Structure formats: C-alpha cells, structure tokens
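K.L.:
I need the structure of the sequence given here:
(one chain, ligands or ions: 2)
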Amino acid sequence: MENDYKALSPETLASRLSDLEVMKWSVGADPAGWSVREVGDGNLNLVFIVEGKAGSVIVKQALPYVRLVGDSWPLPLKRAFFEYHALIRQEARDPGSVPAVLHFDESQALIIMERLQPHIILRQQTMEGRKVEGLARTMGLFAARTAFRGSDLSMKAGDKKADAALFAGNVELCDITETLVFTDPYYDAEMNRHTTPQLDGIVAALRADEALKVEVQHMKRAFTSRGETMCHGDLHAGSIMVTHDNSRVIDPEFAFYGPFGFDIGMLIGNYLMAYHAMPAHIADEAACRDYQDWILAVIDETWSVYCEEFMRLWRTERTGILYPASLYEDQGHGFASEAAGQQLLGEIFCDLVGFAGIEMHRRILGLAHVAELDSLEDEDVRARCEAKCLKLGQMLIMNRNRLTGMDAVIAAARRAETGEQA
Ligand code: SR1
Ligand code: MG
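P.N.:
Ligands and ions are numbered 1, 2, ... in the order given. Alright, predicted model coming up:
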C-alpha cells in the first residue's frame, strides 16, 4: 500500500484530486479555481484547506513519520484508516459531533472531510479568554455516548469483538501514548523537556516518587488491558474545534479500545492545565478569576452531563452482554441495576481523575506540550503555572480512589492555584 503513496503539497493537490467527484461538488469543477493552504499545526499530519467557487473542504493526509520530530521517527500511514473508522463510528454514536467524512483513500492515507467554519481550535479560544456556550454539554454527551455505545453495554458481542480486533491494529499510536504519556515523563527520557532550571527541583522529586510511579503504571495497565470501549485516544483541547456556541471533535487517529474513563480524563486534565495557565494570559485579575471559574464550571458540568447521559443510556439502550435486563429489570430488580450503573460511574470517576493527573504531567515533562503553557515566554511565569499543574496532577493520581466527586477535584485545583497544599 505504501508504494503508491505520495505526500500532497499545495502545488500538487489540485491536479492530484481534481478527478474526484467529491472535490468537484464540494470545491468546484475547475481545479484552476481552487486555492490550497497547508494549515496543519498538529504533531503528525498534513492538513490542507481547499477552497473554490462551490465551497471548501479539509484534506487531511498522514505522513510516514512524526511531523513534530521528522523522518527519524517513522510512523505508519495506517493511522488514517483508524481515524476514518473512528470518525464514522463517532458520527453514528453521537450524530453531528464530528466533521462529516466525504472521502477516504486508504493508499494515500487521506481523508477529505467537512470544513468546520468559522471554528477554531479550543485552546486558541481559551488562551484568548473567550467562553464557549454549550461546551460542557456537547463534550459530556460526546464522551458518554461514544463510551457507552462503543462498549459491551450496548453493542452486540460479535460487533464489539470485531471492532476491538480492528482497533487493536493501531499499535504504533498506542505505543506513542504508552511511552510519551505513561512512561517517559517519569524518568529522564531522551525526548523529554521541561522548563529548566525553574522546575528542576519539583521534577526530580516527582521522578523520585516511587509510589507515584507505581500508581501511574497501574493506570498504564488499565490503558493497555482494559478494552472497555472505543476511545478517541487523544481528546485534548487541540482535538476540539469551537465557535462561540458550537463544539465539534476532530482527530481520532489515536482511537483504540481502552478504559471508559480515558477520554474524559484526558479532557479534564487539559481543562485543569488551562485553568492554571490563565493568570498568564488574562492580565485583568477579575476577568481572569471569572474565566477560571468558567473553566471549573465546565469541568463540573461536563462530568454531570456525562453521568446523566450514561445513566439515561443505561436505562434505555443496555442491549449488550453486560448487566442484561434479563437479570435485573425483568426480575423486578431495577434498583440493583441502578446501583450497578452508579457503581460503574464511580469506577470511571476514579480512572478519569488518574488519567487527568497523568496528562497534566506529560504535557509539562514529556515531548508534547500544550500551547497554554508553552507559549509563555517568561520562563518564571511559565514555571509557576506548570508547578501548580504538576502538584495537582500528583495529588489527583495518588488520591483518585479517595476523592469523593468532581467537587473535590475542583476544590483541589483551587487550592493548588492559591499555593495551598493540593
Ligand atoms: C509524537 S506525537 C505527540 C503527541 O501528539 C499527539 O497529539 C498526541 O497527543 C501525542 O501524544
Ligand atoms: Mg491530533
């Protein structure tokens, strides 16, 4: 397959894609009238905006290597296949949540999809202190619906096993997460970087914390072995595109079968980093506090929407092999079924808290950082924000089974922000 592959460029795209009917309808019949811009700012792929008389589309193409690092780090093109399969499943499980797929070419590792407009990446919106109406509801519903409907709670056993087998092939992207998220940050790995010397002391203390490393490896074991549902796999603030009142999810190339709490945990970890970064982005103290409160309210509401939707689906769509109605509702044991659903949500909560803490660590200690923090040029300011994230992350990982609810996570974030013991 990789023999036919050739990376597109702004110069070659029009001639290479002009025969596709989908481009004719969506962009225009005459490729001479197309304008092509490469806008990829992620770590892995080429992303083109193609505009013409009839409209515009996104053309996303995988590169045979990690763009962030270069061709010294090869990465298989088949990640486009997993992204395509994840996108069509997410659309079926939560209609309207992801861009519509217009065309997929496996040999070119290329997906043509709906251009979201006038959407921008969520972290650009938050770095400018702008709120997004409905963000919590959209993301809570997305996380709950994709989690529930991609699992043995809902799917036919054969379909779920076939999907688990399909996504088990996404080996190299899982390896990136296993290495960059769960391992490298906790020792002096080659590709790591952190704000130095300001963070050297706290980084050394984290890496010397044996109990922390054990807890992180417990979470990594959940990641590798608990194939509960199809996860997006990389649900951070760069994988969400927003307007002031609309949110859509993009980029599921890291999709895999993993723990229920993985996606929502990564997402909340990113929100918490944005929370601690805000004082460096919003100069006015009152405006900053207001925006930080909004981020915490988004976290709280995302989780409450998740729980509500998960339980709604539990009551109305529990058609899979787990907790069958034949054992509960059909026997008049509806209370036991409710209790089981709530217990499962309790387990998901503990996991999400752990994943959130680990995400906060890896974005400060590992290879791939987040713009909210990395864009801060004053290293002392940046280090102060990062130190809060590192401490909160450690607290969350170590206490994930003891925290009583999202209120406790939010209270811990507020304490970390004011410099109290998280
Ligand atoms: C080498 S890829 C680094 C990171 O970028 C992606 O967006 C994932 O978050 C991955 O961990
Ligand atoms: Mg991505």
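K.L.:
Could you use CA atoms for every contact and neighbour count after this?
P.N.:
Will do.
K.L.:
Quick check: which element contains the closest residue to Asp263 other than its chain neighbours?
P.N.:
Using C-alpha to C-alpha, 6 or more residues apart in numbering and skipping residues adjacent in sequence, the residue nearest Asp263 is Leu235, 5.6 Å away. Per DSSP states H and E: Leu235 is located in neither a helix nor a strand.
K.L.:
from the stretch 251-400 of the chain, which residue is nearest to ligand 1?
P.N.:
Nearest to ligand 1 in the stretch 251-400 of the chain, going by C-alpha to the nearest ligand atom, is Ala368, at a distance of 5.0 Å.
K.L.:
hang on, Gly169 in a strand?
P.N.:
No. With DSSP: H, G, I helix; E, B strand; the rest coil as the criterion, Gly169 is coil rather than part of a strand.
K.L.:
Just confirm Val57 is within a helix.
P.N.:
No. Checked against three-state DSSP, Val57 lies outside a helix; its state is strand.
K.L.:
On the three-state scheme, the residue of the stretch 1-150 of the chain found nearest ligand 1 is what?
P.N.:
Ranking the residues of the stretch 1-150 of the chain by distance to ligand 1 (C-alpha to the nearest ligand atom) places Asn43 first, at 5.0 Å. Per three-state DSSP, the secondary structure class of Asn43 is coil.
K.L.:
So what's the residue count around it?
P.N.:
By the criterion of other C-alpha atoms under 10 Å, Asn43 has 12 neighbours.
K.L.:
wait, doesn't it sit right on Arg67?
P.N.:
Yes. Contact criterion C-alpha atoms under 8 Å: Asn43 and Arg67 qualify, at 5.5 Å.
K.L.:
Show me which residues of the stretch 201-350 of the chain sit near ligand 1.
P.N.:
Where proximity means C-alpha under 6 Å from any ligand atom, the interface of the stretch 201-350 of the chain facing ligand 1 comprises Asp234.
K.L.:
Any stretches of the stretch 201-350 of the chain with poor pLDDT?
P.N.:
Across the stretch 201-350 of the chain, no stretch falls below the confidence threshold (pLDDT under 70).
K.L.:
ok, back up a step: show me the contacts for the spatially closest residue to the residue of the stretch 1-150 of the chain closest to ligand 1 that is not a sequence neighbour.
P.N.:
Nearest residue to Asn43, sequence neighbours excluded (C-alpha to C-alpha, 6+ apart): Leu68, at 4.7 Å. Contact partners of Leu68, counting by C-alpha atoms under 8 Å, 6 or more residues apart in numbering, are Gly42, Asn43, Leu44.
K.L.:
Get me the contact residues on the stretch 1-150 of the chain for ligand 1.
P.N.:
Along the stretch 1-150 of the chain, the residues adjacent to ligand 1 under the rule C-alpha under 6 Å from any ligand atom are Asn43, Val66.
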